[in-house]
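Q: sequence below, structure please.
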Amino acid sequence: MLITEQIAKWVSKKYPKLLCGVIPLFLLILMVAPVSHAGVDAMPHLRLGAGARSIGLAGAFTAIADDATATVWNPAGLGSAADLSLNFSTQRLDLDRSHNFIALTKALGSAGSVGIAVTNAGVSGIQQYDANENYGGEFDYSANAYSLSYGIGFGNFSVGLTGRMLADNFGLESVENQSGFGGVDVGLMGHALHIDVGEEQVPTFHYGVVAKYLGASLGDDTVPMVVNLGLAYNLYMGNVVTFAADLEQEFVNLDESATSLRLGAEYTIVNYKSTAFSIRGGVKASRDAQSLFGGFGVNIGGLQLDYAIQDGMAIEINGVGSTHYASLSYMF
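A: Numbering: from 1, shown residues only. Reported below is the predicted structural model:
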């Protein structure tokens, strides 16, 4: 009760105008969502996420996102991001498919933070045949998303927005390339239950909610809206153990389940001066598919290398074997 009263008092005194605008917006989104089901997903690669750290946690990152990948997971995370954050991620899928991500964020002091990101998914070496099954060479396909994000923090509370443009490119003169609006992401994030760690107070409980791809479409196809609710808890026992959970709802007309649960855990084994080593694991489960994740990360002086592996792709998207992810990031 004491924590609830403190939060209510803090909100009512400091940011009534902000919350009076943001909370009704989210209520409107949640009311409209059940009747806004999309039929065809124009950009399924957008849901693959970004960053090997978050992938190692099975994507349970809505309440954690605090680096350049917040431009994908939850733009509200930019409100507590470092002064400068850069992330480059890549993954190789089967059938010569690739998925790449690069993002840069910059803090603007008390005015919040901005971020730009590019997500690319492509297939190379697609064989072309005419109506008579005569071989006509090979071509490439790429799908790109360009986004601009903004987030700002108010004490233990932050909000964020992302706007996105889409481009669909075929390496064929006979096929017209397409572009479209990638929609808007609206995110909220909060932190609570502070404890003393060293000489500073740090939050142990984190929560977040984000609605993604609002109003997105590409040509005659639409991009389904996705809503994520996330919780995370940091347990300090000398080193830090983070537990995270996300509940995801995709609003799409498919026979497969559009609701999934993501669970992840991260254990920082070594945390000495400016060096840290962490291991991660997670699971994503729905009624129709399950995937296991694992990975590790090494951070030296703000430069971080992360690796993740996903098993179960053969069940989920008819892939073959495991998928490997790697990312390099820098926070200053």
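Q: mind checking the end-to-end distance for stretch 281-290?
A: With CA to CA, to the nearest Å as the measure, stretch 281-290 spans 14 Å from end to end.
Q: for stretch 265-279, same thing?
A: Using CA to CA, the two ends of stretch 265-279 sit 8 Å apart.
Q: what about G294, how many residues nearby?
A: A total of 19 residues lie near G294 under the criterion other CB atoms under 10 Å. For the C-beta atoms, the positions are set from N, CA and C on the backbone; glycine is no exception.
Q: look up how far P224 lies from the closest residue in space to it that isn't next to it in sequence.
A: Leaving aside its chain neighbours, G294 sits nearest to G281 (4.9 Å; criterion: CB to CB, 6 or more residues apart in numbering). Plainly put, G281 is 28 Å away from P224 if you go by CB to CB, to the nearest Å.
Q: mean confidence score for the helix or strand harbouring the residue nearest to G294?
A: Using DSSP states H and E, G281 falls within strand 275-286. Averaging pLDDT along strand 275-286 yields 94.
Q: ditto for stretch 76-94
A: 85.
Q: pull out the buried positions in that stretch.
A: 76-82, 85-91, 93 (16 or more other CB atoms under 10 Å).
Q: can you list the low-confidence ranges for the chain?
A: 1-42, 93-96, 125-131, 136-139, 171-176, 254-256, 312-321 (pLDDT under 70).
Q: for the spatially most central residue of it, give me its contacts.
A: Nearest to the mean C-alpha position of the chain, by CA atoms, centre = their mean, lies W73 at 2.3 Å. Neighbouring residues of W73 by CB atoms under 8 Å, 6 or more residues apart in numbering: 49-50, 54, 59, 61-62, 64-65, 210.
Q: hang on, A65 in a helix?
A: No. Going by DSSP: H, G, I helix; E, B strand; the rest coil, the assignment for A65 is coil, not a helix.
Q: how about it: what's its closest non-neighbour residue?
A: Using CB to CB, 6+ apart, the nearest residue to A65 is G77, at 3.5 Å.
Q: isn't the one you found up against A70?
A: Yes. Counting by CB atoms under 8 Å, A70 is a contact partner of G77 at 3.3 Å.
Q: shared neighbours, those two?
A: 151, 160.
Q: please consider this matter closed, and thank you.
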